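[1] turn this into a structure:
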Amino acid sequence: MNMHPARPAPERFPARRILGIDVASIGWADATGYLRLLLRERRYTKVGFLNAHNANVACRDPEFAAAMRDFLVLPDGVGVDMAARLLYGEPFPSNLNGTDFIPHFITSMAEPITVGLLGATRKNAEAALANLAKLAPQHRIELIHDGYFSKDEEPEVLSRIASLRPDVLLVAMGVPRQELWIASKLTPAHCTLPIAVGALLDFLSGAVPRAPLWVRRWRLEWMFRLVVEPGRLWRRYVVGNPVFLFRVLRQKLTGPKTTGKVAA
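    Model prediction:
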């Protein structure tokens, strides 16, 4: 995806509020440039994504919503684009879904960095590491732990992160656990950019297939995922998507529709 060259990003950029969460209204190249700037300056920044599903979670879970307000939140998927059109008259500049954007961000960096992986099953995490190492041989890629560690094991996991102190830590433990874990457990002593990436390691491992490119271009990957994993995802999409749109319409009619500036 080198069609999106990186360039320096502004220190502050517009944000659009979607169901109480300020989402950066930023293009692909500016987002890439901004994350690179944060790494160069070693500015600790929690990074997450807003899509229809976790927007719904934020409406039900005040703790998760509060945590997300302290993240640099990027727009993910057709749902938040529809919300932006309804609330602000135009979509976000780019769809910065983590499944595409984060691998591009990592592989496009020529200067070596250390990337830590935390989450998924052990098998998928190891396969994701192997595949990401092939895509980005210039970087040091390290598996911290799978996502199935106990409370008793957690201090060891945190100690390993602090010892490695990766530039980028990909946390793939599902919504809202991954965001809450980043918010409550990590500090600048652990890493520079902790990024909540959902199912990214499962996709990178090859265990979960991506939709064909033409499906992604038509913004229908959510439908492909529903067909592949109906038992797990039917509630998220069949029930969750209409609920999300209802909440956005309610925001348009009765709630705040504010824009502002965000910076990490």
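
[2] now do the buried residues in the strand or helix carrying residue 29.
    Assessed by DSSP states H and E, residue 29 sits inside helix 28-40. Of the residues in helix 28-40, 28-39 count as buried by neighbour count, 16 or more other Cβ atoms under 10 Å. Where you see a C-beta, it was placed from the backbone N, CA and C, and this is true even at glycine.

[3] okay, strands next: where are they in this protein?
    If DSSP state E is used as the criterion, the strands of the chain fall at 13-18, 21-24, 47-50, 72-75, 114-119, 140-145, 168-172, 193-196, 259-262.

[4] okay if I get the ones you listed as CSV plus mean pLDDT and distance to residue 88?
    Below are those laid out as CSV (pLDDT from 0 to 100; distance: least, Cβ to Cβ, whole Å):
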stretch, mean pLDDT, distance to residue 88
strand 13-18, 90, 6
strand 21-24, 95, 11
strand 47-50, 97, 14
strand 72-75, 97, 12
strand 114-119, 98, 33
strand 140-145, 98, 38
strand 168-172, 98, 30
strand 193-196, 98, 24
strand 259-262, 61, 7
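
[5] tell me what the helix holding residue 29 is packed against?
    Packing partners of helix 28-40 (3 or more Cβ pairs under 8 Å, 6 or more residues apart in numbering; DSSP states H and E): helix 98-107, strand 193-196.

[6] need the winner for burial among those.
    Stretch with highest mean neighbour count among those: strand 193-196 (a mean of 28; mean count of other Cβ atoms under 10 Å).

[7] run the chain-centre distance for that strand.
    Taking the mean of its C-alpha atoms, strand 193-196 sits 8 Å from the chain's own mean (Cα atoms, centre = their mean, to the nearest Å).

[8] over to stretch 29-45?
    Centroid displacement of stretch 29-45 relative to its chain, using Cα atoms, centre = their mean, is 15 Å.

[9] ok, stretch 45-60 next?
    Counting by Cα atoms, centre = their mean, stretch 45-60 is centred 9 Å from the centre of its parent chain.

[10] cool, and stretch 50-61?
    Centroid separation between stretch 50-61 and its chain, computed with Cα atoms, centre = their mean, is 13 Å.

[11] can you check stretch 198-212 too?
    Centroid separation for stretch 198-212 versus its chain: 14 Å, with Cα atoms, centre = their mean.

[12] so how far does that stretch reach from one end to the other?
    One end of stretch 198-212 to the other measures 20 Å (Cα to Cα, to the nearest Å).

[13] and the strands of the chain as a markdown table, adding distance to residue 134?
    A markdown table is the format used below for these (distance: least, Cβ to Cβ, whole Å):
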| stretch | distance to residue 134 |
| --- | --- |
| strand 13-18 | 33 |
| strand 21-24 | 30 |
| strand 47-50 | 24 |
| strand 72-75 | 25 |
| strand 114-119 | 13 |
| strand 140-145 | 10 |
| strand 168-172 | 16 |
| strand 193-196 | 20 |
| strand 259-262 | 34 |
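
[14] to residue 218, which of the ones you listed lies closest?
    Across these, residue 218 has its closest neighbour in strand 72-75 (17.9 Å, Cβ to Cβ).

[15] remind me what the closest one packs against, helices and strands.
    Applying 3+ Cβ pairs under 8 Å, 6+ apart, one finds that strand 72-75 makes contact with strand 21-24, strand 47-50.

[16] could you dump these to TSV with mean neighbour count?
    Shown next, in TSV, are those (neighbours: other Cβ atoms under 10 Å):
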stretch	mean neighbour count
strand 21-24	24
strand 47-50	27
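
[17] now tabulate those strands in a markdown table and tack on distance to residue 137.
    Formatted as a markdown table, those follow (distance: least, Cβ to Cβ, whole Å):
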| stretch | distance to residue 137 |
| --- | --- |
| strand 21-24 | 30 |
| strand 47-50 | 24 |
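
[18] of those strands, give the one that comes closest to residue 58.
    The nearest among the helices and strands packed on strand 72-75, by Cβ to Cβ, is strand 21-24 at 5.9 Å.

[19] who does the closest one touch, helix- and strand-wise?
    Secondary-structure packing of strand 21-24 (3+ Cβ pairs under 8 Å, 6+ apart): strand 13-18, strand 72-75, strand 259-262.
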